[in-house]
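Colleague: Here is a sequence together with a model predicted from it:
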Amino acid sequence: MPEAVMGAMMRAAEEFFALTADEKMAYYSNDRKKLPRFHTSLRNGTGEEVLYWRDCLKLGCHPPEWSDKPRGLGAALEPYTAAVRAAARRVLRLAAVGLGLEEEHFEGSLSGGGMMNVNHYPPCPDLSLTLGAGPHCDPGLVTVLMENVGGGLQILLHGDGDAAGGGMMWVDVDAAPGALVLNFGHQMQVVSNGRLRSAEHRVVTSARAGRTSLATFVWPEPGCTVTPAQELVLAAGEGPLYKPHSYGEFLGVYLAEGGVKESAMAHLKH
Ligand SMILES: O=C(O)CCC(=O)C(=O)O
Ligand SMILES: [Fe+2]
């Protein structure tokens, strides 16, 4: 992806979070369906042991639109979204071939939807009290992530079950400067009938520096019915692990469940 396209988008995101609180709050809403929407501190509530320190601007990508301050955001959004979708399409074609499916399997309405999280995690003086974002999987097919400061994103590794903690541990995603990070979401696990798993991830805070990240989600159109790929189900003779479902309906359930992998996937299992 052209560095100028990535740089302009990141600068615009940083400028948004540098606006006054009043300017940002013009977009504040608790209505999960609204776009664009500014919100803060994922799942912060009473009785939780950890506080989530994140501000987030949620943007629609179809079409990408922004006409307010900062002006650079409106100009940067379209070329960035187009480049990200092109990168995601390449990865989806490779994934399809790797799974033994037609190269075009994910094209069309299966990958025709999406949106973007523009995230900002302020620096935090006491890391034991906060997370940037709690453990979750993304709901769609693939997420393309760009960050301005390395470090913060962690992924849950599933070991062999012998190690302490049941073989699970959080590991840092150590991306090279300027690299994009891609992770699969729930719908990839469904289509691949469990061969490619949705990746559980979280974000830890830093005492030194704030961090801005852009997560662009590529997912099915809301009216699309998602099923495990027939070829995979038949080839393995194993039966479909997941039920056919409307993506729009699943997204409603996912948002209500707060991103916990088991409860979201329980709605899809046969
Ligand atoms: O900031 C990050 O590295 C991850 C953000 C994320 O997981 C999300 O927006 O879904
Ligand atoms: Fe995520």
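Modeller: Great, that's in hand. Residues are numbered from 1 along each chain as shown. Ligands and ions are numbered 1, 2, ... in the order given.

Colleague: measure Val190 to ligand 1 for me?
Modeller: For Val190, the distance to ligand 1 equals 18 Å [C-beta to the nearest ligand atom, to the nearest Å]. The way it works is simple: take the backbone N, C-alpha and C, and place the C-beta from them, glycine included.

Colleague: Now that residue: closest residue in space that isn't a chain neighbour?
Modeller: Tyr242 (4.4 Å; C-beta to C-beta, 6 or more residues apart in numbering).

Colleague: what's across from that neighbour in the sheet?
Modeller: Per DSSP bridges, the residues bridged to Tyr242 are Lys269.

Colleague: if I look at it, how far off is Leu59?
Modeller: Going from Tyr242 to Leu59 by C-beta to C-beta, to the nearest Å gives 29 Å.

Colleague: now swap in Ile155 and tell me
Modeller: 24 Å.

Colleague: Which one of these two is surrounded by more residues?
Modeller: Leu59 (22 against 15; other C-beta atoms under 10 Å).

Colleague: List the residues that contact that one.
Modeller: Contacts for Leu59 were tallied using C-beta atoms under 8 Å, 6 or more residues apart in numbering; they are Leu35, Pro36, Trp66, Leu77, Met115, Met116, Val118.

Colleague: same deal with Pro220?
Modeller: Residues near Pro220 by C-beta under 8 Å, 6+ apart: Ser109, Leu110, Ser111, Gly112, Gly113, Gly140, Leu141, Gln187, Val226, Tyr247.

Colleague: If we use 6 Å, what do you get?
Modeller: Contact analysis of Pro220 by C-beta atoms under 6 Å, 6 or more residues apart in numbering lists Leu110, Gly113, Val226, Tyr247.

Colleague: Buried subset of those residues as a PyMOL selection?
Modeller: Filtering the contacts of Pro220 down to the buried ones (16 or more other C-beta atoms under 10 Å) takes a single PyMOL command:
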select buried, resi 110+113+226+247
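
Colleague: outside of stretch 87-107, which residues touch it?
Modeller: So stretch 87-107 is in contact with Val142, Val144, Leu182, Ser192, Val218, Ala229, Glu231, going by C-beta under 6 Å, 6+ apart.

Colleague: Just the buried ones from those residues, in ChimeraX syntax?
Modeller: Restricted to buried positions by 16+ other C-beta under 10 Å, the ChimeraX selection for these reads:
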select :142,144,182,192,218,229
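
Colleague: Just name the closest of the contacts of stretch 87-107 to ligand 1, please.
Modeller: Val144 (10.9 Å; C-beta to the nearest ligand atom).

Colleague: what helices or strands is whatever helix or strand the closest one lives in leaning on?
Modeller: Per DSSP states H and E, Val144 falls inside strand 142-147. If you count contacts as 3 or more C-beta pairs under 6 Å, 6 or more residues apart in numbering; DSSP states H and E, strand 142-147 packs onto helix 71-99, strand 181-184, strand 211-219.

Colleague: what about the ones you listed, which gets the closest to ligand 1?
Modeller: Between ligand 1 and those, the shortest separation by C-beta to the nearest ligand atom is 3.4 Å, and it involves strand 211-219.

Colleague: partners of that closest one, with directions?
Modeller: Strand pairing for strand 211-219, using DSSP bridges, gives strand 113-121 (antiparallel), strand 142-147 (antiparallel).

Colleague: Adjacent strands (with direction) for the helix or strand following that strand?
Modeller: The helix or strand immediately downstream of strand 211-219 is strand 225-226, counting by DSSP H and E. The pairing partners recorded for strand 225-226 under DSSP bridges are strand 245-246 (antiparallel).

Colleague: mind checking how far the strand it pairs with is from the chain centre?
Modeller: Strand 245-246 has its C-alpha centroid displaced from the chain centroid by 20 Å (C-alpha atoms, centre = their mean, to the nearest Å).

Colleague: about what we covered before: tell me the mean pLDDT for the strand holding Val144?
Modeller: Across strand 142-147, pLDDT averages out at 98.

Colleague: returning to what we had before: which of the helices and strands packed on strand 142-147 is buried the deepest?
Modeller: The highest mean neighbour count among the helices and strands packed on strand 142-147, using mean count of other C-beta atoms under 10 Å, belongs to strand 211-219: a mean of 24.
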